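Participant: No sequence on hand, only this structure:
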């Protein structure tokens, strides 16, 4: 039994907080079937159960409800996992409902008597159950933010932020991550991003990037190597440099979808196991490269 499992964390350093949390409660890494990446964490819960969590799922509910506590977030994730709910959409819908309640657009008459408040654990847990069981306001939220706002009316549409009718993640990482859903067919950028433009360009030094290329991990066309290796001003100032990377990722991921190849193996991961991914996909699909 983890006696301090409910200890609240103030995430001044989110990366360190997550590393410390996983050191204490992670039992092993896990993958989807037949994948060697192992990007999911199996988290041990106090009651003897386990949650299988990947990257952003640790933080979405925290940001949406404004409770900066990884322990709380894992419990919410486990509830979503049990009910078969998408954690990104569910987190956003909870925040959406609280926002409408605080603005007076919905009331306790709509929520079955539940007062919706920021930083309230009961609100967070009960809203997951209401959406899953289609209870009162949960029955409306289950349609998704766009349809729910139409059903609620009273100006709710003005507060229904979405990307092509899909609930967005509660934060935007960088211009690359917003460009992909803007011009691609996947409104959720987490289903289409690649490591090099989302992290390699922005957060690593010129020396690191050059070594990355030298060691043979660069998985983009040869003509993009100079843009990756040379000094970079940051995406806020040099955002045009990400355009060819984003274009390549969208084409590659579309090919992967068409051929049944998992795009996590074709460039998403930092040290991707498949280097010449487009050539490989074209070979599998038997089309000219």
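Facilitator: Happy to help now that I have it. The structure displayed is predicted, hence computed values, not measured ones.

Participant: and the residue nearest to residue 14 when sequence neighbours are not counted, what are its phi and psi?
Facilitator: Among residues not flanking residue 14 along the chain, residue 59 sits closest, at 7.0 Å (CB to CB, 6 or more residues apart in numbering). Where you see a C-beta, it was placed from the backbone N, CA and C, and this is true even at glycine. Dihedral pair for residue 59: phi -110, psi -20, per degrees, to the nearest 10.

Participant: Can you give me the distance of residue 59 to residue 35?
Facilitator: In this view, residue 59 and residue 35 are 23 Å apart by CB to CB, to the nearest Å.

Participant: Check residue 267 too.
Facilitator: Taken as CB to CB, the span from residue 267 to residue 35 is 14 Å.

Participant: Settle it for me: which of these two has more neighbours?
Facilitator: residue 267 (27 against 14; other CB atoms under 10 Å).

Participant: Spatially nearest residue to residue 115, not counting backbone neighbours?
Facilitator: Nearest non-adjacent residue to residue 115 (CB to CB, 6+ apart): residue 108, at 6.4 Å.

Participant: try residue 243
Facilitator: residue 179 (7.4 Å).

Participant: tell me the phi and psi of the one you found?
Facilitator: Residue 179 has phi and psi values of phi -70, psi -40 when expressed as degrees, to the nearest 10.

Participant: I figured it was touching residue 242, is that so?
Facilitator: Yes: at 6.7 Å, residue 179 and residue 242 qualify as touching, with contact defined as CB atoms under 8 Å.

Participant: So for the two, which residue has more residues nearby?
Facilitator: residue 242 (24 against 21).

Participant: What pLDDT is listed against the more buried one?
Facilitator: As predicted, residue 242 sits at a pLDDT of 86.

Participant: ditto for the one 5 residues further on
Facilitator: According to the prediction, residue 247 has pLDDT 88.

Participant: what about it, helix or strand, and which?
Facilitator: helix 243-259 (DSSP states H and E).

Participant: now for that helix, which elements pack on it?
Facilitator: helix 175-183, helix 277-285 (3 or more CB pairs under 8 Å, 6 or more residues apart in numbering; DSSP states H and E).

Participant: Tell me how far the next helix or strand after the first one lies from the chain's centre.
Facilitator: Read it as helix 175-183. Per DSSP H and E, helix 175-183 leads on to helix 195 as the next helix or strand towards the C-terminus. A distance of 14 Å separates the centroid of the chain from that of helix 195, by CA atoms, centre = their mean, to the nearest Å.

Participant: which outside residues touch the helix or strand where residue 61 lies?
Facilitator: Per DSSP H and E: residue 61 is located in helix 60-65. Residues from elsewhere that reach helix 60-65, judged by CB atoms under 8 Å, 6 or more residues apart in numbering: 11, 67-70, 72-73, 76-77, 87-88, 90-92, 94-95, 98, 118-120, 123-124, 169-171.

Participant: pLDDT averaged over it, what's the number?
Facilitator: pLDDT averaged over helix 60-65 gives 88.

Participant: And the helix or strand following it, how far out from the chain middle?
Facilitator: Scanning forward in sequence from helix 60-65, with DSSP H and E defining helices and strands, the next element found is helix 70-83. Computed by CA atoms, centre = their mean, the chain-centroid distance of helix 70-83 equals 15 Å.

Participant: as a whole number, average confidence for the helix or strand following helix 70-83?
Facilitator: Following helix 70-83 in sequence order, the next helix or strand is helix 87-102 (DSSP H and E). Averaged across helix 87-102, pLDDT comes to 94.

Participant: For the helix or strand following helix 87-102, list every residue counted as buried.
Facilitator: Downstream of helix 87-102, the next assigned helix or strand under DSSP H and E is helix 121-133. Across helix 121-133, burial judged by 16 or more other CB atoms under 10 Å covers 123, 124, 126, 127, 128, 130, 131, 132.

Participant: Equivalent analysis for stretch 253-266, please.
Facilitator: Quick answer for stretch 253-266 (16+ other CB under 10 Å): 253, 254, 255, 256, 261, 263, 264, 265, 266.

Participant: go on, stretch 36-46?
Facilitator: For stretch 36-46, burial by neighbour count (16+ other CB under 10 Å) applies to 37, 40, 41, 43, 44.

Participant: Give me the most central residue, this protein.
Facilitator: Taking CA atoms, centre = their mean, the centroid of the chain lies closest to residue 56, which sits 4.4 Å from it.

Participant: Surely that one and residue 188 touch.
Facilitator: No: if you go by CB under 8 Å, residue 56 and residue 188 don't touch, sitting 10.3 Å apart.
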